[in-house]
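Novice: what's the 3D shape of this:
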Amino acid sequence: MVVIDRTVFDLPDTKTNPAHFGRTESSRGEMQGAFLQARVVALVESGTHTIIAAEIGASSTGETTLAHSLFKKLNNELRLLVDRGFSGYHL
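Specialist: The predicted structure follows:
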């Protein structure tokens, strides 16, 4: 049994990270968040929590967008549980 789940990591504010990951929007009107963030979506074995595969992108990239390449890692021996954000025929 495997699951697809996501998390967000804060990143160091280096010269190259903003160009690659972008900045999140701020709710205070400055239009840029204080911290750089990366979104990670992973295919995980549900019993041991072993990460089978992962995709990393900008925090503005949607969970289902990053998960598309993870579906290719599935085979007939794996059963996938997904949450409500993965509804829709295209998935």
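Novice: which SS state does Leu43 fall under?
Specialist: For Leu43, the secondary-structure state derived from DSSP: H, G, I helix; E, B strand; the rest coil is strand.
Novice: who are the contact partners of it?
Specialist: Leu43 is in contact with Val2, Val3, Ile4, Ile51, Ile52, Ala53, Ala54, Leu70, Lys73, Leu74, counting by Cβ atoms under 8 Å, 6 or more residues apart in numbering. From N, CA and C alone the C-beta is placed, and that goes for glycine too.
Novice: Val41 too?
Specialist: The neighbourhood of Val41, defined by Cβ under 8 Å, 6+ apart, consists of Ile4, Asp5, Arg6, Ala54, Glu55, Gly57, Glu63, Leu66, Ala67, Leu70.
Novice: what residues are bridge-paired with the fourth one?
Specialist: Per DSSP bridges, the residues bridged to Ala54 are Ala42.
Novice: could you pull out the helices for the protein?
Specialist: 17-21, 63-67 (DSSP state H).
Novice: picking up where we left off before, can you redo the contacts of Val41 as JSON lines with neighbour count, distance to His90 and pLDDT?
Specialist: Shown next, in JSON lines, are the contacts of Val41 (neighbours: other Cβ atoms under 10 Å; distance: Cβ to Cβ, whole Å; pLDDT from 0 to 100):
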{"residue": "Ile4", "neighbour count": "25", "distance to His90": "15", "pLDDT": "91"}
{"residue": "Asp5", "neighbour count": "17", "distance to His90": "20", "pLDDT": "89"}
{"residue": "Arg6", "neighbour count": "17", "distance to His90": "18", "pLDDT": "89"}
{"residue": "Ala54", "neighbour count": "16", "distance to His90": "22", "pLDDT": "97"}
{"residue": "Glu55", "neighbour count": "19", "distance to His90": "17", "pLDDT": "96"}
{"residue": "Gly57", "neighbour count": "17", "distance to His90": "19", "pLDDT": "93"}
{"residue": "Glu63", "neighbour count": "17", "distance to His90": "14", "pLDDT": "88"}
{"residue": "Leu66", "neighbour count": "20", "distance to His90": "15", "pLDDT": "92"}
{"residue": "Ala67", "neighbour count": "20", "distance to His90": "12", "pLDDT": "91"}
{"residue": "Leu70", "neighbour count": "19", "distance to His90": "15", "pLDDT": "92"}
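Novice: before I go, just wanted to say thanks for your time.
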